[in-house]
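> Model the structure of this input:
(2 chains)
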Amino acid sequence: MKILVVCGNGLGSSFMMALTVKKALAELGKEAEVTHTDLTTATAEKADVYIGAGDIVDQLDNGMRKIVRIVNMMSIAEIKSKLEPLF
Amino acid sequence: MLDVMMNDILGTPAILVGLFAFVGLLIQKKSASTVLSGTLKTIMGFVILGAGAAVLIGSLNHFSKMFDFAFNVQGVIPNNEAIVAAAQTNFGTSTAMIMVFGMVMNLLLARFTPLKYIFLTGHHTLFMACLIAASLSVGGMSGAPLIIVGSILLGICMVVFPAILQPTVRQITGSDDFAVGHFGSIGYYISAKIGKLFGNKAKSTEEIKVPKSLGFLRDTSVAVSLTMSLFFIIVALFAGQSFIETELSGGSNFIVFAIIQAITFAAGVYIILAGVRMLIAEIIPAFKGIADKVVPNTKPALDCPTIFPFAPNAVIIGFLFSFLAGLLSMFALPLIGLKVIVPGLVPHFFTGAAAGVFGNATGGRMGAMAGAFANGIIISFIPAILLIFMGDIGYEGTTFGDSDFGVVGIIIINILKLFGAV
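Numbers count the residues shown, from 1 in each chain, chains lettered A, B, ... in the order given. All right, here's what the predicted structure looks like:
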C-alpha cells in the first residue's frame, strides 16, 4: 500500500505528518510506503491513500481516490483511528 | 591536496550539506544503501536548487525591466526561494555552514535553557541561515567569525521565535504537543496582540460560512502562476507592446510573452521547492533523531500550515485581509520613498492565513481580520526597509518575504553599524 501525505508546498507540514503517519503505522503493526509531496505533484502521482488537512485533500477528491482528512497532524491517535479501517 | 579539501570540497555548499546528511545517516545507523542514496539525494537537492534559480531569475529580470520601463520605479517581488537561490553563488558556503552549526546551537539551547524547542521547518532554517550570512557580510564580517556569530544567531532564532508564539499556539490547538516554527512569527505575534485589542474571541471565524472555493490557492504552483500572470500582464500593458516586442520578447506577442514569463517564474519556484524537498528530507530526520536522543522533553516547532486545520475559515479570511493590506501598501510605499513591494500570493497566503488563525484565537473574526491586515502591512514594509540596507548585495529584483527575516536582517546590520564594522 502506498500512502501519499500532501500539503501546499510539500515541504514542512506534509513532511512532519509523514513522520507521524509512519509512527501510527508502526503502532498499528502495518506496513506501507509513506511519501510526502505538494498538491500539484499529488494530482499526477498514483497512491492508494491520500492524506492531509481537509481543505488540501478535498482538492484531490475526484470520487475515485481514497482520501483521509486530518485535523491534528501531530496526533498519532487521530491518524491511527482514521487509517485502521483502510487495512 | 589541502587546497582541494578546503576550496573545492568544503567550499562547495552542495557537498558540505551532503557530508552533514552522510554523518546524520551514519549516526542513525542506517544501511549502507540508505546512507549512499540519502547523501546523493541531498547533494542533488542543492544542485536542483541552483537550476531552478536560473529559470526563475531569467523571468524575474524580464519583470524588472518591464516594471522599470513602465513606472520608472523598481518593483521588487519578495520570494525566499529566489533570493536564497540567487545568493548561493556569494553566500552558499557560509549559508550551509551556518545552517549546520545553527542546528547544533538549537540543540544546545534546548538542552541547557528553558526554551525547549527543536525547530524542524528545514527550508526556513536554510532561508534564515542565508539571511544571516548575507546580513553579517553586508555588516562587514567574514570568515570564521561570520560562521560562529551566524550559527549562534540562527540557534537563538530557532528557539526564541517559537517561544513567543507558544502561549497563543496552546489556545489554538488546545494542547501543548507542538510549537509553530516558521519565520513569519513577528506577524503572527502582532496579529494575536491586535486580535486581543480589537476583537472578541467568543465570535469565532469558524461560525461563519466561507466559500471553500479559494482552497486551490493553497497549491503553491497554481497560486504563483495566477498572481504572476496577473502582475505580468498589468505591467506588460503599462510597458507597452513596442518596448516589449523590440527589447525583450524578440518579436513575439507581448501578452503571450508576459504569460509565459509568469508561468516560467512559477516553474522556477516549483523546481527550487523540489530541490529543497530533497535536501531537507535527509537532513531533518537526522536532526530530529539526534534531538530525540540528546534533548528529551522538547517540543517540535513545525511549519505554519500545521495550525490551519484548527480554523479553516480564519485561513481564508486571513489570506484575503493580508493580501488587501499588501495591495494598499504597494501604493503607499513609493509615497514615502521606499521601493515598491509587489504582493506575492505565497507569502500572503501562508503568513496571512497563519496570522488569521492567531488573530482568531485571541479576538475572533474581528481579530482575524485586523491581525491579518497588520501582517500584510508588516510583510510589505519590512522587506522594503530591509532592501535599503541590503540593496548593495546585488539582487535587486527580489528579497526575503516573511517578517522575521526582515526584522533579523535589519537588526543585525544596524548593530554592526553601531560597532563601526561597516
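> which parts of the stretch 251-400 of chain B sit against chain A?
Within the stretch 251-400 of chain B, the residues that sit near chain A (Cβ under 8 Å from any Cβ of the partner chain) are B:270, B:273, B:276-277, B:280-281, B:284-285, B:288, B:300, B:302-306, B:308-310, B:312, B:315, B:349-350. (Each C-beta comes from the backbone N, C-alpha and C, glycine too.)
> Please enumerate the helices of the stretch 251-400 of chain B.
B:254-294, B:312-332, B:345-390 (DSSP state H, counting those that start in this stretch).
> Export the second one to CSV, keeping only CA atoms.
Taking only C-alpha atoms (Å, rounded to 0.1, in the frame of the first residue of the first chain), the coordinates of helix B:312-332 have been written out as CSV:
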residue,chain,number,x,y,z
PRO,B,312,-10.0,26.7,8.2
ASN,B,313,-12.2,29.9,7.9
ALA,B,314,-9.6,32.0,9.6
VAL,B,315,-7.2,30.7,7.0
ILE,B,316,-9.2,32.2,4.1
ILE,B,317,-10.2,35.4,5.9
GLY,B,318,-6.6,35.9,7.0
PHE,B,319,-5.2,35.5,3.5
LEU,B,320,-7.7,37.9,2.0
PHE,B,321,-7.1,40.7,4.5
SER,B,322,-3.3,40.2,4.4
PHE,B,323,-3.3,40.4,0.6
LEU,B,324,-5.6,43.5,0.7
ALA,B,325,-3.1,45.2,3.0
GLY,B,326,-0.3,44.1,0.6
LEU,B,327,-2.1,45.8,-2.3
LEU,B,328,-2.7,49.0,-0.4
SER,B,329,0.9,49.0,0.8
MET,B,330,2.1,48.7,-2.8
PHE,B,331,0.7,52.1,-3.5
ALA,B,332,1.7,53.6,-0.2
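> the strands in the stretch 101-250 of chain B, which residues?
With DSSP state E, counting those that start in this stretch, the ranges of strands along the stretch 101-250 of chain B come out as B:117-119, B:179-180.
> so can I have a markdown table of the ones you listed showing mean pLDDT and distance to A:Ser14?
Below are the strands of the stretch 101-250 of chain B laid out as a markdown table (pLDDT from 0 to 100; distance: least, Cβ to Cβ, whole Å):
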| stretch | mean pLDDT | distance to A:Ser14 |
| --- | --- | --- |
| strand B:117-119 | 92 | 17 |
| strand B:179-180 | 92 | 16 |
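> Now which of the residues of the stretch 251-400 of chain B next to chain A would you call buried?
B:270, B:273, B:276-277, B:280-281, B:284-285, B:288, B:300, B:302-306, B:308-310, B:312, B:315, B:349-350 (16 or more other Cβ atoms under 10 Å in any protein chain shown).
> which residue sits closest to B:Phe161, ignoring its sequence neighbours?
Residue nearest to B:Phe161 in three dimensions, not counting chain neighbours: B:Ser185, with 4.0 Å by Cβ to Cβ, 6 or more residues apart in numbering or on different chains.
> The one you found against B:Phe405, yeah?
No: here B:Ser185 does not reach B:Phe405: they are 10.6 Å apart, not a contact under Cβ atoms under 8 Å.
> higher neighbour count, the two?
B:Phe405 (31 against 26; other Cβ atoms under 10 Å in any protein chain shown).
> so which helix or strand takes in residue 35?
No chain specified, so I'll use chain A. strand A:33-38 (DSSP states H and E).
> other chain: chain B
Here B:Val35 sits within helix B:32-71, counting by DSSP H and E.
> Cool, thanks, talk later.
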